[in-house]
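let me see the structure of the following:
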Amino acid sequence: MTTISSGASDASATAKRNALSSSTVFESYRRFHDNKPYTTQALQSLLVGLVGDSLSQLLLTPDEEYSPLRTFKVMVTGSVLSLPTFAWVKFMAKNINHSNMIISVALKVVANQLCFAPFFLSSFLTTGFLAQGIFDPNEIINRLKQRVPIAWMNGCMFWPNIVILNFTLVPPHFRGLVNSAASVVWQAYLSWLTFSSKNSVQVAIDKEVAIEHKVGNAVAETLHLDQATAAARSASRR
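Prediction:
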């Protein structure tokens, strides 16, 4: 009994130490963020760019040789764009609100996708094109026309979930951290979209559009079937 009691006591003490250590780390982060919020965002984004582009190269383009220079370019771009991103999140928290929390979050989701997402996508992709040595304005515009719409549509399926999470469950000083964690996945996707060849991107876009058309047709057929069923029921009642 003494041995069991001693083991349970040690486990409890270890759990308390781990909880205290975790609490200390988060508290230190909160203090640093409160004192230097933009510096915190820039440093976080460097890490996001490092992990995101590394995953993009290793998982999405495994046949190509890993390029540290490309990762560095993505890190710098993401770090710079993290500043207006953080400012936008603060702006939404302060200015886009409603007495009803559900409506308030919905307004933030819509504003984020309609107002900020096009700016961020265009800025990120344009910077990436310039980093590749593409300086012809017409070429940049053509690439943006090809890639921004599909990235925006995918963002509409990804980012609203993060916005809802941030503004319902996450304290203000941790929103940037949650945003950065989600950005790892998004950065991997954008890195691939920015640095892949036009042909490979077009093939992927064509596949996504085909899937969307199939989903749309399936929904339309379901609605048509429901309407036909309702009409048949109405006719039988007569």
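
domain assignment for the protein?
Using automatic domain parsing, the domains assigned to the chain come out as 1-35, 37-192, 197-238.

pick the most buried one from these.
domain 37-192 (a mean of 17; mean count of other C-beta atoms under 10 Å). Where you see a C-beta, it was placed from the backbone N, CA and C, and this is true even at glycine.

now do the same end-to-end measure for it.
29 Å (C-alpha to C-alpha, to the nearest Å).

so can I have TSV of the domains of the chain showing mean pLDDT?
Below are the domains of the chain laid out as TSV (pLDDT from 0 to 100):
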stretch	mean pLDDT
domain 1-35	60
domain 37-192	89
domain 197-238	64
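
distance of residue 113 relative to residue 39?
28 Å (C-beta to C-beta, to the nearest Å).

now do residue 189
From residue 189 to residue 39 the distance is 26 Å (C-beta to C-beta).

isn't residue 88 up against residue 111?
No - Residue 88 is beyond contact range of residue 111, at 9.1 Å (criterion: C-beta atoms under 8 Å).

show me where this protein has its helices.
With DSSP state H as the definition, the chain shows helices at residue ranges 2-35, 37-55, 68-95, 101-111, 117-131, 137-168, 172-195, 198-237.

how long is stretch 102-118 end to end?
24 Å.

and that stretch, how far from the chain's centre?
Distance, stretch centre to chain centre, for stretch 102-118: 14 Å (C-alpha atoms, centre = their mean, to the nearest Å).

contacts for that stretch?
Residues from elsewhere that reach stretch 102-118, judged by C-beta atoms under 8 Å, 6 or more residues apart in numbering: 85, 88, 92, 96-98, 148, 152, 155-156, 159-160, 163-164, 167-168.

change it to 6 Å
With C-beta atoms under 6 Å, 6 or more residues apart in numbering as the test, stretch 102-118 has contacts from 88, 92, 96-98, 152, 155-156, 160, 163-164, 167.

same check on stretch 166-175?
30, 33, 89, 105, 108, 178.
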